[in-house]
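Asker: prediction below, plus the sequence it came from.
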Amino acid sequence: MNESPGTLIGLSNVLTRLRARVPSGPDPDATPGLRDRLRTHAVRALEGKESFIHDAIVLGKRVRLLSNSHHLADFWRENFWTEQEWRTSTGQPIARDPALTVHAMIDVETEPEASYVSVARQEVYLFNTSYYGDLRATAMEALGRLIGKAGFVLHAAAVEINGRGLALTYPKEVVHPTPTWGLMEIQGSKFVADGWVALEPTGRVHALEKCLYVRTSVLSSYPELASRLLFSRFENVPDIDPGQADRMAAQGEALDTAARRGDSQMALRGLPPERSRLQLLRLIVSANARAMAPAETLFGRKRILRATTAAAAFALKAGGGDPVHPAAVEPFPCPGYEIAVAAVPGHPRELAKLIAAT
């Protein structure tokens with residue numbers, strides 16, 4: 001099985017067998033017969049089973065998901081704007097036909113674990129993984145290949161501070177949590193995106209998602225956000241045994257105290273401390289645990305923007321050396337800087353302070 005129910009926390013918790021991206025398969029546009037095989041097996045995976053079809057509106061384009069995974073459909077539906085939300089917000093019409101169709105099928109014995117992208121047919125096929133991070137990244141990368149000269153789709157973040165747009169790029173292994181969380185503590189800050197963005201050649205950065213798909217271990221550094229994150233949808237949140245809970249008791253108590261101190265909405269008031277401590281410990285012990293939380297829930301509706309123009313771009317790099325130095329950050333047309341993460345001691349907040357001051 002590609003997915004199984006985990007011990008409940010928040011709205012849902014699904015354990016996925018795979019927790020990293022599957023290999024990319026051959027190009028269906030250049031491999032005779034491959035696209036027909038993929039389509040046949042994707043259609044058969046839906047026959048006689050619970051299946052899901054959901055249209056996401058991404059950058060004004062319809063991206064259609066077909067899947068037999070309840071978990072992938074739930075996270076997809078939560079993460080992107082619906083057609084009604086897009087129309088209400090922008091007043092722009094949406095083409096009826098999808099710009100991209102994504103087939104995400106699990107438990108297909110006739111296919112290997114792999115992803116395929118047909119640019120000519122505007123299709124994605126993803127087989128035998130319930131890891132949402134794979135579905136999300138594969139779809140966004142494919143969309144980036146389709147928009148061509150209109151711009152770029154990037155794995156990046158964007159925040160605006162007192163009207164100044166800041167863009168961040170970072171390799172997966174550099175830092176978690178990202179400096180976005182620290183930047184959002186600065187007065188005058190507004191959130192655009194932390195995950196996937198679209199960049200126009202002019203430097204205008206657009207959010208592609210309405211939620212944050214975030215490592216729950218962020219609560220180790222920002223426990224004051226716990227009351228806003230605890231009631232989310234989750235992926236791969238493990239159980240912890242009594243011995244582990246005892247060894248981490250002091251940490252759990254400290255996290256719970258900080259979480260309740262930051263709980264201005266009193267969301268944790270009805271939750272016994274022993275239960276909230278256990279839930280917080282479950283959320284921080286694994287690097288694989290993820291949450292899907294609306295940006296408005298985490299930062300407040302008035303602090304959310306859909307776009308900003310980047311006045312500066314920062315590329316986070318592993319290693320030491322000079323903490324910050326000017327460098328081109330492709331493909332951003334604005335001034336750029338490299339940040340040597342290992343040269344900035346202490347909390348991720350220190351990275352945020354350095355970025356905001358540059």
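Answerer: Happy to help now that I have it.

Asker: need the residue closest to the centroid of this protein.
Answerer: The geometric centre of the chain, computed from its C-alpha atoms, lies nearest to residue 213 (CA atoms, centre = their mean), at 3.1 Å.

Asker: quick one: what helix or strand has that residue in it?
Answerer: Applying DSSP states H and E as the criterion places residue 213 in strand 211-215.

Asker: that strand pairs with which strands?
Answerer: Taking DSSP bridges as the criterion, strand 211-215 sits next to strand 290-294 (antiparallel) in its sheet.

Asker: and the contacts of the strand it pairs with?
Answerer: Under the contact criterion CB atoms under 8 Å, 6 or more residues apart in numbering, strand 290-294 has outside partners 10, 75, 78-79, 132-133, 210-216, 228-229, 232-236, 283. (Each C-beta comes from the backbone N, C-alpha and C, glycine too.)

Asker: which neighbouring elements make contact with the helix or strand just after the strand holding residue 213?
Answerer: Using DSSP H and E, the helix or strand that follows strand 211-215 in sequence is helix 226-229. Using 3 or more CB pairs under 8 Å, 6 or more residues apart in numbering; DSSP states H and E, the elements in contact with helix 226-229 are helix 249-261, helix 273-284, strand 290-294, helix 295-299.

Asker: kindly recompute the last result at 7 Å.
Answerer: strand 290-294 (3 or more CB pairs under 7 Å, 6 or more residues apart in numbering; DSSP states H and E).

Asker: what's the angle between the strand it packs on and helix 273-284?
Answerer: Using axes from the mean of the first three to the mean of the last three CA atoms, to 10 degrees, the interaxial angle of strand 290-294 with respect to helix 273-284 works out to 110 degrees.

Asker: okay, strand 290-294 in CSV with CA atoms only?
Answerer: Once non-C-alpha atoms are left out, strand 290-294 reads as follows in CSV (Å, rounded to 0.1, in the frame of the first residue of the first chain):
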residue,chain,number,x,y,z
ARG,A,290,4.3,17.9,7.0
ALA,A,291,1.3,20.1,7.5
MET,A,292,-1.0,21.9,5.0
ALA,A,293,-2.0,25.2,6.6
PRO,A,294,-3.7,28.3,4.9
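
Asker: what's the spacing between it and its chain's center?
Answerer: Here strand 290-294 shows a centroid-to-chain-centroid distance of 8 Å under the convention CA atoms, centre = their mean, to the nearest Å.
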